[in-house]
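J.: for reference, the sequence and a predicted model appear below.
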Amino acid sequence: MSISITNLSKKYGTQKAVNAISFQVNKGEIVGFLGPNGAGKSTTMKMITGYLAADAGKIDVCGLTVSENNLDSKKKIGYLPEANPLYMDMYVREYLQFIANVHQIKDAKPVIEKVIRTVGLSPEAHKKIGQLSKGYKQRVGLAAALVHDPEVLILDEPTSGLDPNQIVEIRNVIKSLAAEKTILFSSHIMQEVEAICDRVIIINKGNIVADDRLTNLQKATDSQQSVSVEFKEDVNIGLIKKLNDVLSVTRLRETLFTLQCTNAESVKKQLLQLSIDQNLNIVSLQTQSNSLEAVFKSLTT
């Protein structure tokens, strides 16, 4: 078990930021840690990394209890905080050498060159950090988190503020690290979590409200189902609305429809029969799962 959290709590004055939460992250997993602003995500991550003391509960990282082995547990963790504090006047290699010195890494030069290649910093590695784009600054922060070769990566909003191309690039870097690292990361970009994670943990008002594989969460919150159907020919929408189990029909274009229904499989069979009866050709027919955004909204509002 790379990360084990048991009854973890933290208060700020009278406000309970984290309320006796428990979860585990296994070696090799990429787990999305989600929640609204103020839900307790960053507080939990800071406690895991040892930068913030817990009021109660237990945190184990790679078999080490953080409260009893603060320094040794930090050696197991690479941490990219949301703010990503960097020294803007330092050159990229100079900064990574500084971080390597903090970790007392001997013969750091080949290690630094390796992490530069890993995170895709090579084209900009000759520059000062202040001259870099936001995307490359994020890569510097990720490289700093990796320079001591940690077993666990804690990434707090690693794609925050990036443009779509930069988001895809950082996503690919994170996915490439999955074979060797255990990764817990938070994000407000649901598509990123869907693209990277199989499992998500959702926290709301300091409490864990979901911890499961994404597909299971989608099924559990699927009180309504959605079917997408596209015909080759123009179709009378009234014929589709008359089908059993159909709640509503939205025409996206002349031949493409989205159906909200209570029984997707029954509706798909009826659509096939309709195509036979009306001499129509179906181009595509598929069930659409709840998006992670819909799951998140249903659990946190």
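T.: Looks like it arrived, so ask away.
J.: residue 31: neighbour count?
T.: 24 (other CB atoms under 10 Å). In this view, the C-beta of every residue, glycine as well, is placed from N, C-alpha and C.
J.: what sits against it?
T.: 25, 183, 184, 185, 197, 199, 200, 201 (CB atoms under 8 Å, 6 or more residues apart in numbering).
J.: ok, 10 Å please
T.: For residue 31, the contact set (CB atoms under 10 Å, 6 or more residues apart in numbering) comprises 2-3, 23-25, 182-186, 193, 196-201, 211.
J.: cool, and residue 252?
T.: 228, 230, 258.
J.: in the chain, which spans are strands?
T.: Ranges of strands within the chain are 3-12, 15-25, 30-34, 56-61, 64-65, 77-80, 152-156, 182-186, 199-204, 207-213, 225-231, 246-253, 256-261, 282-288, based on DSSP state E.
J.: tell me the strands beside the last one, with direction?
T.: This means strand 282-288. In its sheet, strand 282-288 lies beside strand 225-231 (antiparallel), with partners assigned from DSSP bridges.
J.: any idea how far the strand it pairs with is from the middle of the chain?
T.: The chain centroid and the centroid of strand 225-231 are separated by 28 Å under CA atoms, centre = their mean, to the nearest Å.
J.: quick check: mean pLDDT of that strand?
T.: Over the span of strand 225-231, the pLDDT mean works out to 86.
J.: returning to that earlier point: which of the contacts of residue 31 are buried, as a ChimeraX select command?
T.: In ChimeraX, selecting the buried portion of the contacts of residue 31, with burial taken from 16 or more other CB atoms under 10 Å, looks like this:
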select :2,3,23,25,182,183,184,185,186,193,196,197,199,200,201,211
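J.: in JSON lines, list the contacts of residue 252 along with neighbour count and distance to residue 49.
T.: Supplementary listing: the contacts of residue 252 in JSON lines, determined by neighbours: other CB atoms under 10 Å; distance: CB to CB, whole Å:
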{"residue": "228", "neighbour count": "15", "distance to residue 49": "43"}
{"residue": "230", "neighbour count": "17", "distance to residue 49": "49"}
{"residue": "258", "neighbour count": "14", "distance to residue 49": "43"}
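J.: could I get the strands of the chain as JSON lines with distance to residue 101?
T.: Converted to JSON lines, the strands of the chain look like this (distance: least, CB to CB, whole Å):
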{"stretch": "strand 3-12", "distance to residue 101": "27"}
{"stretch": "strand 15-25", "distance to residue 101": "30"}
{"stretch": "strand 30-34", "distance to residue 101": "30"}
{"stretch": "strand 56-61", "distance to residue 101": "23"}
{"stretch": "strand 64-65", "distance to residue 101": "23"}
{"stretch": "strand 77-80", "distance to residue 101": "16"}
{"stretch": "strand 152-156", "distance to residue 101": "21"}
{"stretch": "strand 182-186", "distance to residue 101": "26"}
{"stretch": "strand 199-204", "distance to residue 101": "35"}
{"stretch": "strand 207-213", "distance to residue 101": "38"}
{"stretch": "strand 225-231", "distance to residue 101": "55"}
{"stretch": "strand 246-253", "distance to residue 101": "58"}
{"stretch": "strand 256-261", "distance to residue 101": "57"}
{"stretch": "strand 282-288", "distance to residue 101": "52"}
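J.: and of the ones you listed, who's closest to residue 135?
T.: With respect to residue 135, and counting by CB to CB, the nearest of the strands of the chain is strand 77-80 at 13.5 Å.
J.: the closest one - contacts with which helices or strands?
T.: Using 3 or more CB pairs under 10 Å, 6 or more residues apart in numbering; DSSP states H and E as the contact criterion, the secondary-structure elements in contact with strand 77-80 are helix 41-49, helix 134-146, strand 152-156, strand 182-186.
J.: what's the second one packed up against?
T.: Spelled out, it's helix 134-146. strand 77-80, helix 92-102, helix 108-118, strand 152-156, helix 164-177.
J.: kindly report the domain assignment for the chain.
T.: As assigned by automatic domain parsing, the chain contains the domains 3-219, 223-289.
J.: ok, residue 208 - contacts?
T.: Contacts for residue 208 (CB under 10 Å, 6+ apart) come out as 5, 8, 18-23, 35, 40, 44, 201-202.
J.: again, only this time at 6 Å
T.: If you count contacts by CB atoms under 6 Å, 6 or more residues apart in numbering, residue 208 has them with residue 21.
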